[in-house]
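Peer 1: Fold the following and give me the result.
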Amino acid sequence: MAPRTFKKILSAGKGPLHDFEKDTKAIFDYEVLLPLVDVNKEGFPQDKDQYKIIDTTKKPWPHGYGKPLELVFGKKFQLPIMETCLQSMLVDEISQFDIDTRDMISFPMVSAKLRDISKAELHPKLKDEEHHHHHCAAMGPVKTGYDELDDLINNPRPIRLIIHLKKLLKPEDYKVDSWQLNDESKLKQSEILRQEGNELFKNGNFNDAKEKYREALTLLDTLLLKEKPGDPEFIELDAKNIPLYLNLSQCYLNLQNFYEALGSAEEVLKRDAFNEKGLFRKAKAQLGVWDLDAAEKTLNTLKEKHPESVKTVEAQFAIINEKRKEKDKSDKSMYKNMFSALQKDT
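Peer 2: Sure, this is the predicted structure:
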């Protein structure tokens, strides 16, 4: 416990005190109470009416986070005193901590970030609109956009923190979020996700399969950011994207999301210009969006680069011919109706 922090147990917990090894996950509710008196003169009041709740996990944006907070130990949480308090607690314990001003300096910014997350979850359309925390030397200190937090920045004071530790999970007891993984683990996890996607695909679950492939692609992207484009390491790593984009393209084709299928196939061809499956899936997607000339051109490239695919290509040419006939018939009908309408008007 920090020397400037005083703890009082409100409701006893159960079990032994945890050792809080690295990557232990704590799940807890909290309330932050601001005393309405001068603590430096009068001390922390006993009456709860002498406090104002300025943050809580039990209320959503704009008043709090809106759900229990999950904190992973060893990840340099921006409010270290929170970790210190949790390390003194048992599961199911509720305790209050009277905390000195110096240990809560970062609290307003941490709280603002959590509220912004709550806002994005409540209002997905606003997800890309970041809360602007700005600072101008002529205008004073940082602004969070939340009055009670801005007040605490302008006038820092001791606070009372109440924590209910609901659950503790050891690293092996929960699925690690991708941001917690090291580079080697990210690479392994991307392959696991690909295999999971393949199983879902085999069972016809194309929506879930595509999410697995997309998650794997995201992991590889984070690794590629650390490599220099063109270097052997970058090229070797980037090649792992090819089967993922191929599978993703096929998922989109099966779901009749043809523009997404086209985009995924083109990602394959950026990395392997004459990839047989990439060319075929690009052509199928072009057929799906009725870009018949482009599909024909792609199929010709496929036939030229992969002569063994001639039977498959000819079958697609037959489909193109049928679609052209269908389009011609539709166009003639449309023009006929337009001509008839014009005659009636005259």
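Peer 1: Just the CA coordinates for the helix or strand hosting residue 284, please, in CSV.
Peer 2: Secondary structure assigned from DSSP states H and E places residue 284 in helix 276-288. Taking Å, rounded to 0.1, in the frame of the first residue of the first chain, the C-alpha atoms of helix 276-288 are listed here in CSV:
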residue,chain,number,x,y,z
GLU,A,276,-4.2,-18.7,-59.8
LYS,A,277,-6.8,-18.6,-57.1
GLY,A,278,-6.5,-14.9,-56.7
LEU,A,279,-7.2,-14.3,-60.5
PHE,A,280,-10.1,-16.7,-60.4
ARG,A,281,-11.7,-15.1,-57.4
LYS,A,282,-11.2,-11.7,-58.8
ALA,A,283,-13.0,-12.7,-62.0
LYS,A,284,-15.8,-14.3,-60.0
ALA,A,285,-16.2,-11.1,-58.0
GLN,A,286,-16.2,-9.0,-61.2
LEU,A,287,-18.9,-11.2,-62.6
GLY,A,288,-20.9,-10.7,-59.4
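Peer 1: What residues sit buried inside it?
Peer 2: Neighbour-count burial for helix 276-288, counted by 16 or more other Cβ atoms under 10 Å, picks out 277, 278, 279, 280, 281, 282, 283, 284, 285, 286, 287, 288. In short, each C-beta sits where N, CA and C put it, glycine included.
Peer 1: Residue 40 versus residue 33, what's the distance?
Peer 2: Residue 33 sits at a distance of 16 Å from residue 40 (criterion: Cβ to Cβ, to the nearest Å).
Peer 1: out of those two, which sits in the busier spot?
Peer 2: With neighbours defined as other Cβ atoms under 10 Å, residue 33 and residue 40 compare such that residue 33 has more, 21 against 9.
Peer 1: Return the backbone torsion pair for that one.
Peer 2: Backbone torsions for residue 33, taken as degrees, to the nearest 10, come to phi -110, psi 130.
Peer 1: Wait, it touches residue 50, no?
Peer 2: No - if you go by Cβ atoms under 8 Å, residue 33 and residue 50 don't touch, sitting 9.2 Å apart.
Peer 1: Pairing partners for the helix or strand where residue 165 lies, with directions?
Peer 2: Assigned by DSSP H and E, residue 165 belongs to strand 159-169. Next to strand 159-169 in the sheet, as set by DSSP bridges, lie strand 25-35 (antiparallel), strand 94-99 (antiparallel).
Peer 1: Quick one: closest of these to residue 178.
Peer 2: Nearest to residue 178 among these is strand 25-35 (14.6 Å), distances taken as Cβ to Cβ.
Peer 1: how about the closest residue to residue 72 other than its chain neighbours, what does it touch?
Peer 2: Nearest residue to residue 72, sequence neighbours excluded (Cβ to Cβ, 6 or more residues apart in numbering): residue 25, at 5.2 Å. Residues in contact with residue 25 (Cβ atoms under 8 Å, 6 or more residues apart in numbering) are 70, 71, 72, 73, 168, 169, 171, 174.
Peer 1: Buried ones among these?
Peer 2: 72, 73, 168.
Peer 1: Please list all residues in contact with the second one.
Peer 2: What that stands for is residue 73. Each residue near residue 73 by Cβ under 8 Å, 6+ apart is listed here: 20, 21, 22, 23, 24, 25, 26, 83.
Peer 1: and if we set it to 10 Å?
Peer 2: Applying Cβ atoms under 10 Å, 6 or more residues apart in numbering to residue 73 gives the contacts 18, 20-26, 83, 86-87, 168, 171.
Peer 1: Can you pull out the low-pLDDT segments for this protein?
Peer 2: Across the chain, the ranges flagged by pLDDT under 70 are 1-3, 124-142, 179, 331-346.
Peer 1: domains of this protein?
Peer 2: Following automatic domain parsing, the chain resolves into domains at 5-173, 181-330.
Peer 1: Assess the claim that residue 64 and residue 122 are in contact.
Peer 2: No - counting by Cβ atoms under 10 Å, residue 64 does not reach residue 122; the two are 11.7 Å apart.
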